[in-house]
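Pasting the sequence and the predicted model now:
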Amino acid sequence: MTDEWLKRTTRSVPLTRVDATVPNVARVWNYLVGGRDNFEADRAAARQLIAVAPVMAEIAPASRAFLGRVIRFLAADAGIRQFLDVGTGIPTAGNTHEIAQAIAPESRIVYVDNDPVVLAHARALLRSSPEGVTSYIDADAREPGKIIANARQTLDFERPVGLVLMDILNFIDGAGEVGAILGTLLDAVPAGSYLAVSQAASDLEETLVEAQQRWNELAASTPIWLRDRSTVTAWFDGLELIEPGIVEVDTWHPADGDARAARVMPVYGAVARKRLRGGEPGWRTTTRSGAHVRR
Ligand SMILES: C[S@@+](CC[C@H](N)C(=O)[O-])C[C@H]1O[C@@H](n2cnc3c(N)ncnc32)[C@H](O)[C@@H]1O
């Protein structure tokens, strides 16, 4: 662990929680998006993953770009002013609050992650606009009730919330567990709230399955779970999917001038809206990005 790294952290995190010798999800991701908050074990792991599945070099940047477009959509087109970002990652360019508050400075954002390195860097996530608020919860996504209870200090659960779970459900075990987490989060927010998810795919790119196996050997305590389209589709049951539905992340509302990956991007992304009560009238509008949103 270098002094340079320590200078960039809050130093308030017990460093016994940080093992620089074992690859770590948040730090490997940080390396893959071009960040500096990672150690040699993380970089070596990332290089191994890319050797097995070259698309790994593109997945993290494409997923971050998807996050950016989703937050812009939610803030600018859907009028969302509150966000719960679970599995935040180490702060990097284009954090959720920066994008949302550039559009609506009064936006309120709660970040959640269970990684000590993310906690050590949380100060960068707390630089809110003066009109808005950001806060950080050091918690496990498998405890959604605790997350909601804490988030109530910052968010008003009578008003719509954007639930953002980007590339985190990959690390949640078991068939039923993700559904239960999403169910608890969705139950806590009112109609008109949104759920945004990205999830690495098991059925789009064979080499990603090999990279999954390699990761699970390298970091056995935080295995990654790939999911197929039908599993991801089931998470959105009862919600109103925003067009174009569940797609590879780089094809969800691509921005003008975005470079499209030459290969299939094996990460599913989707945004959906919690429906208004059965039959309650709403009206459809076509947004700037061409999606239909009922207000
Ligand atoms: C692949 S990174 C994605 C970061 C960010 N959402 C993004 O899209 O750039 C996954 C993040 O989820 C966090 N994470 C993994 N399992 C978690 C859990 N059970 N509870 C909370 N956070 C978790 C990791 O610490 C890491 O920061």
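Done, it's in.

Run through the residues of the stretch 1-150 of the chain sitting next to the ligand.
25-26, 29, 63-64, 67, 87-89, 113-115, 118, 140-142 (C-beta under 6 Å from any ligand atom). All C-beta spots, glycine's among them, are computed from the backbone N, C-alpha and C.

if we go to 8 Å?
Listed as neighbours of the ligand in the stretch 1-150 of the chain under the rule C-beta under 8 Å from any ligand atom: 24-26, 28-29, 33, 60, 63-64, 67, 85-90, 92, 112-115, 117-118, 139-142.

biggest helix in this structure, by residue count?
Ordering each helix of the chain by length in residues (DSSP state H) puts helix 56-72 first.

So which elements touch the helix or strand following that one?
Using DSSP states H and E, the next helix or strand after helix 56-72 towards the C-terminus is strand 82-86. Here strand 82-86 touches helix 96-103, strand 108-113, helix 144-151, strand 162-166, going by 3 or more C-beta pairs under 8 Å, 6 or more residues apart in numbering; DSSP states H and E.

With only the CA atoms kept, save the next helix or strand after the last one in CSV.
Looking back up the chat, that one is strand 162-166. For strand 162-166, the following helix or strand on the C-terminal side (DSSP H and E) is helix 175-188. Taking Å, rounded to 0.1, in the frame of the first residue of the first chain, the C-alpha atoms of helix 175-188 are listed here in CSV:
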residue,chain,number,x,y,z
ALA,A,175,-31.5,-17.3,-7.6
GLY,A,176,-33.9,-15.8,-5.1
GLU,A,177,-31.7,-13.3,-3.3
VAL,A,178,-31.6,-10.7,-6.0
GLY,A,179,-35.4,-10.8,-6.4
ALA,A,180,-35.8,-10.3,-2.7
ILE,A,181,-33.4,-7.4,-2.6
LEU,A,182,-35.1,-5.7,-5.5
GLY,A,183,-38.5,-6.4,-4.0
THR,A,184,-37.6,-4.7,-0.7
LEU,A,185,-36.2,-1.7,-2.4
LEU,A,186,-39.1,-1.4,-4.8
ASP,A,187,-41.7,-1.8,-2.0
ALA,A,188,-40.1,1.2,-0.2
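
what's helix 175-188 in contact with?
84, 86, 141-142, 144-145, 147-148, 157, 163, 165, 169, 172, 193, 195, 231, 234-235, 239, 274 (C-beta atoms under 8 Å, 6 or more residues apart in numbering).

Filter those down to the buried ones and hand me the ChimeraX line.
The ChimeraX selection below is limited to those of those classed as buried (16 or more other C-beta atoms under 10 Å):
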select :84,86,141,142,144,147,148,163,165,169,172,193,195,231,235,239,274
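
Most proximal residue of this protein with respect to the ligand?
residue 89 (2.7 Å; C-beta to the nearest ligand atom).

OK, contacts around that residue?
26, 29, 30, 113, 118, 167.

Starting from residue 159, give me the distance back to it.
26 Å (C-beta to C-beta, to the nearest Å).

Per-residue pLDDT of the residue of the chain closest to the ligand, please?
pLDDT, residue 89: 96.

average pLDDT for the longest helix of the chain?
Rounded mean pLDDT across helix 56-72 is 96.

Now do the buried residues in that helix.
So, applying 16+ other C-beta under 10 Å, buried residues of helix 56-72: 56, 58-60, 62-72.

picking up where we left off before, pipe the helices and strands packed on strand 82-86 into JSON lines and attach distance to residue 210 and mean pLDDT per row.
As requested, these are arranged in JSON lines below (distance: least, C-beta to C-beta, whole Å; pLDDT from 0 to 100):
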{"stretch": "helix 96-103", "distance to residue 210": "32", "mean pLDDT": "97"}
{"stretch": "strand 108-113", "distance to residue 210": "27", "mean pLDDT": "97"}
{"stretch": "helix 144-151", "distance to residue 210": "32", "mean pLDDT": "98"}
{"stretch": "strand 162-166", "distance to residue 210": "23", "mean pLDDT": "98"}
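
Turn these into a markdown table, including distance to residue 182.
Putting the helices and strands packed on strand 82-86 into a markdown table (distance: least, C-beta to C-beta, whole Å) gives the following:
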| stretch | distance to residue 182 |
| --- | --- |
| helix 96-103 | 18 |
| strand 108-113 | 14 |
| helix 144-151 | 8 |
| strand 162-166 | 8 |
